[in-house]
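1. Let me see the structure of the following:
(one chain, ligands or ions: 2)
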Amino acid sequence: MTDAVANAKRALRAELRERRRTMTEPEREAASSRLTQHLVDLASDLGVRRIAAYLSRPDEPDVRPFVDWAWRQDIEVLLPVSRNDGLLDWAPYDAGAEEADHLGMPTPTSELLSPLAINEVDLIVVPAASVDRTGMRMGWGRGYFDKTLGSMEKCPPVYAVLFDSEVVDEVPRERHDRPVDGVVTPSGITHFSR
Ligand SMILES: Nc1nc2c(c(=O)[nH]1)N(C=O)[C@@H](CNc1ccc(C(=O)N[C@@H](CCC(=O)O)C(=O)O)cc1)CN2
Ligand SMILES: Nc1ncnc2c1ncn2[C@@H]1O[C@H](COP(=O)(O)OP(=O)(O)OP(=O)(O)O)[C@@H](O)[C@H]1O
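-> Numbers count the residues shown, from 1 in each chain. Ligands and ions are numbered 1, 2, ... in the order given. From the prediction side, this is the model:
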């Protein structure tokens with residue numbers, strides 16, 4: 001049963017990855033500017049002082065203009081750094097240098113903070129492959145965010161960033177999967193009731 005779900009996730013991820021890969025540049029640019037506006041609205045409405053986000057790759061919905069906006073507003077932004085033990089360290093965004101880590105993910109080169117640093121933020125913006133209409137989230141297959149969110153005692157609002165077509169009726173679900181409070185897509189913000 002569990003294997004069947006894991007296989008279903010893998011197949012769905014491959015399909016979603018391919019769809020992202022074939023998006024055109026004008027489509028990406030239009031999505032990016034609308035997405036940024038909604039992320040700015042979300043952070044402004046919540047009055048955040050510190051957030052956790054990530055540095056998107058070219059095929060991901062572009063959260064970089066939002067990260068830069070937050071930094072210019074003096075909102076502290078923490079970025080994930082993948083560890084070999086499956087946990088995430090965090091490092092502050094300072095508009096400085098970045099490098100690709102061994103998984104190919106853009107990673108900051110600023111000072112490393114421990115996995116506990118995320119306990120101090122008031123909004124977490126996470127990547128996702130797909131989210132369903134109840135808020136159940138499927139990530140990219142390494143469990144980093146499920147582990148991180150599952151380890152938090154008191155979790156601030158968590159919003160996944162996706163393209164519109166990636167919000168679906170139902171995602172394959174395993175016991176350890178963590179739901180999100182909402183999604184931000186180019187067409188707007190959806191809040192789930194939990
Ligand atoms: N920009 C960005 N940074 C991020 C993430 C992300 O999704 N986007 N992460 C979010 O977690 C963490 C890194 N996570 C990763 C998740 C999966 C794979 C990966 O190689 N996955 C396999 C697919 C496995 C499968 O399909 O079952 C692959 O792509 O071949 C790499 C890094 C932290 N930083
Ligand atoms: N809280 C957890 N504790 C231990 N192992 C976990 C936990 N969450 C996920 N895992 C393991 O991580 C692997 C990937 O899980 P899954 O396919 O659900 O990842 P995902 O939702 O794509 O990841 P992410 O949350 O990083 O985006 C699985 O082998 C799973 O057993």
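2. Could you look up the next helix or strand downstream of the longest helix belonging to the chain?
-> In the chain, with assignment by DSSP state H, the single longest helix is helix 25-46. Downstream of helix 25-46, the first helix or strand assigned by DSSP states H and E is strand 50-52.
3. For that next one, name the packing helices and strands.
-> In terms of contacts (3 or more CB pairs under 8 Å, 6 or more residues apart in numbering; DSSP states H and E), strand 50-52 is packed against strand 76-82, strand 124-127. Bear in mind the C-beta positions are built from the backbone N, C-alpha and C, glycine included.
4. And stretch 187-194, what's buried?
-> Buried residues in stretch 187-194, counted by 16 or more other CB atoms under 10 Å: 190, 192.
5. Quick one: low-confidence residue ranges for this structure.
-> For the chain, the stretches flagged by pLDDT under 70 are 1-2.
6. Quick one: the strands in it, in order.
-> 50-52, 76-82, 88-92, 98-100, 106-108, 124-127, 130-132, 137-138, 158-161, 167-168, 182-185, 188-191 (DSSP state E).
7. of those strands, which approaches residue 58 most closely?
-> Closest of those to residue 58 is strand 106-108, at 9.5 Å (criterion: CB to CB).
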